[in-house]
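>>> My questions concern the predicted model and sequence given below.
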Amino acid sequence: MTPEEYLPILMKRLNKRLPEVKLSRRYVNGDAPLPEMGDNLRESWVAFQKKARTNYGGRTCQSLVGRIRPVGIRIANESVADVARRYWRDNRLGMVFEDAIWNSIATGYGYILTQTTSGRPVPTSERPEQMITLADPLQPWRAIAALKAWRDPVIGMDYATVWVPGLEQRFSRPSKDQYNRLRSLQEHGWVSLGITEIHGGVPVQVLENEHREAEVTANRDVIDRINTKKLQRLATEAMQAWRQRVIEGDLPEEDFDGNAIDYSTTFEAAPGAIWELPPGVTIKELSDGSAGIMAMLKGEENDVREYCGVTGTPMSAFMSDSQNQSAEGAMNAKEGEIAKAEKRISLFRPAMEGAIVDALREYGVDTSDTVEIDFAPPAYVSWNEKAQASSQASGTLSRRWIARNIWGMSEDQFREMETDLAAERLEVLTLTGGESEKPGQDQAAMNQTFDALGKAVRSGVSPESAAQKLGLEDIEFTGATPVALRLPEREALGMEER
C-alpha cells in the first residue's frame, strides 16, 4: 500500500484514540474533570470546585518516571560506539528519550521520530495527540506505517506526513471547509505535497506502556472519589463560617404595636451588630466542632492510602508527613514501584535502541553489533542509597559494575572518573616523593597499588615510569598491549606476535 492509501486509515485511528489520550493527559496535568459538574453551575461554584482537585495522577507518573533514566550507550565496536555517543551528546538524546517515556507513562504511547536534516539524523519525541502507527501483525514491535498530523493555527493550514518502508509522503489542506468550520482529522481534502524515498523502514519507534494505557487509567475512579470528598470537605468548612443557630426560650411573636416580628432581619449578622435578648432567652450554635472535619480528613487520607496501594506508589510521594506508615509497608510500596520501573525499562528499551540503530544507519556505519541503552538503576535514587549499596558491593564486584549498575554512570563518565583518580594518585605520589609501601604490606594495599598502576597506564603514563613512582621497580613488563586498551579481537589478530 502507498502512503496515500494509508492516510485515511491512520487518520481514522488517530481520531478515534484522541479523546482517550486527551483525557489521560488531563489527569496528569492537574486538570482532571471537576467533581459534581452540572450544566448550569455558576462561575463562582466552578471556581470553588477547581480548588478541590489535587494532581495525584501527575505525581504518580513523576514518581515512576524518576526511576526510568537512560544514561548512555554500549556497543562492542568502539568506533561505532564513539559515533553513537556523539549522536547522543549532540542531540541531547537523554532529554528526547525522557520526554518519550513521560508521554508513554502519561498517555500510554510515546514516539521517537528520526528524520534526516542537513545530511544528519535528528531525533524528536512526538506527542500521541499528533502521531499514530500501524503495527505489523506478525511482529507487533515493528511499524509498517506511521502518520503525523498537526494544525498551524497562524496560517490556517493542516499538515500530515505518512511513512511506509522506503517512502515518505507529505499532505496539506486548509483547516476550515467551505462553510468556515474547522475540519476534523478524518475529513477529506488532503492534497499531496510530494513523495520522497527514504533509507530503511519506517523511522518511528513506539514506546507502548503496559496494556497500551496510561499509568492512572485503571484508577481514575479513585482519583475522582478523592477529589469529590475533598470538595465536600471544603464546602463543609466554608458553610461552617455561617453556622446554624437556635434560640432557647420564649420570644414574643409581636412587638409593642402589635406588628409581627421578623427575627431573620432583627438578628442581623454583622461585625458591629449588637443583639438584645429578653431575660431567659439564649442563642446556641448547631455544630459538631472539629470532629466532623477531622473525620473527613481521615477519610481522605484513607482514600490516598488506597490509591497508593492500587498504583504501587510510595505514600511519601503524596504525603511528606507519612510517619504513620510502617517501615515494612513503606519498603513494600517502594519495591512495588521499583518492579514497575524495571518492567517499563524492559518495554521501552527495544524502541530506544531501535532509534539509535536508525540514526547509525543514516551515518552509514556498521549496525551489526548489538546496541544497548544503559539506564540508571531504578532501585537507587538518592545519594545515600547509592553510597550505601556501593559500600556493600565494594570488594565483591568490580568498580566498573558498581559505577554502571549502582551509580548509573555512562561509559564516558566512568572513563573520566578513572582518569581523575589516576591523576590524583600520581599527584599524591609526586608530593610524597614516590615512597612505596613497606615490605609485608597486606593484600588490600597491594591491590590498591596495582589498581593505581593500571589507572596510570590507561591515562597515558609509561608503564615503567608509573611502576617506579609506585615503588614497583621489580615488576617486569612483557611489552604486550594492556587488555583494557586492546582493539576488538577481530581487529587485533596477530597483534601479540608483532
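Arrived safely.

>>> What ranges does the chain have for its strands?
70-75, 109-117, 120-126, 131-135, 143-152, 157-164, 167-174, 191-197, 204-208, 245-248, 282-285, 371-375 (DSSP state E).

>>> and of the ones you listed, who's closest to Lys455?
Lys455 lies closest, by C-beta to C-beta, to one member of these: strand 70-75, at 20.6 Å. Every C-beta, even on glycine, is put in place using the N, C-alpha and C of the backbone.

>>> send the alpha carbons of the closest one over as CSV?
What follows is the C-alpha trace of strand 70-75 in CSV, where atoms were taken according to Å, rounded to 0.1, in the frame of the first residue of the first chain:
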residue,chain,number,x,y,z
PRO,A,70,18.6,6.5,30.4
VAL,A,71,22.2,7.5,30.8
GLY,A,72,24.3,6.1,27.9
ILE,A,73,25.0,3.6,25.1
ARG,A,74,27.1,0.5,25.0
ILE,A,75,28.4,-1.0,21.7
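
>>> Point out where the stretch 301-450 of the chain drops to low pLDDT.
Residues of the stretch 301-450 of the chain meeting the criterion pLDDT under 70: 319-333, 381, 431-447.

>>> Repeat that for the stretch 1-150 of the chain.
36-42, 44-45.

>>> thinking again about what came up before, out of the strands of the chain, nearest to Val357?
Using C-beta to C-beta, these put strand 371-375 closest to Val357, at 5.8 Å.

>>> That closest one - contacts with which helices or strands?
strand 70-75, helix 327-363 (3 or more C-beta pairs under 8 Å, 6 or more residues apart in numbering; DSSP states H and E).

>>> I'd like those laid out as CSV, including mean neighbour count and distance to Val304.
Shown next, in CSV, are these (neighbours: other C-beta atoms under 10 Å; distance: least, C-beta to C-beta, whole Å):
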stretch, mean neighbour count, distance to Val304
strand 70-75, 21, 31
helix 327-363, 18, 12
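
>>> Which one, of those, ends up nearest to Ala106?
helix 327-363 (12.3 Å).

>>> quick one, the closest one and strand 70-75 angle?
Following axes from the mean of the first three to the mean of the last three C-alpha atoms, to 10 degrees, one obtains 50 degrees for the angle between helix 327-363 and strand 70-75.

>>> tilt between helix 327-363 and strand 371-375?
Interaxial angle, helix 327-363 versus strand 371-375 (the same axes, to 10 degrees): 150 degrees.

>>> where do the helices sit along the chain?
Using DSSP state H, the helices of the chain run over 3-28, 43-50, 56-65, 78-90, 93-107, 220-239, 263-266, 291-311, 327-363, 383-393, 399-405, 411-431, 443-458, 463-469.

>>> what's the closest of the ones you listed to Ile155?
Using C-beta to C-beta, the helices of the chain put helix 3-28 closest to Ile155, at 20.6 Å.

>>> okay, the angle between that closest one and strand 143-152?
70 degrees.

>>> picking up where we left off before, out of the strands of the chain, which is closest to Gly471?
Using C-beta to C-beta, those put strand 70-75 closest to Gly471, at 35.9 Å.
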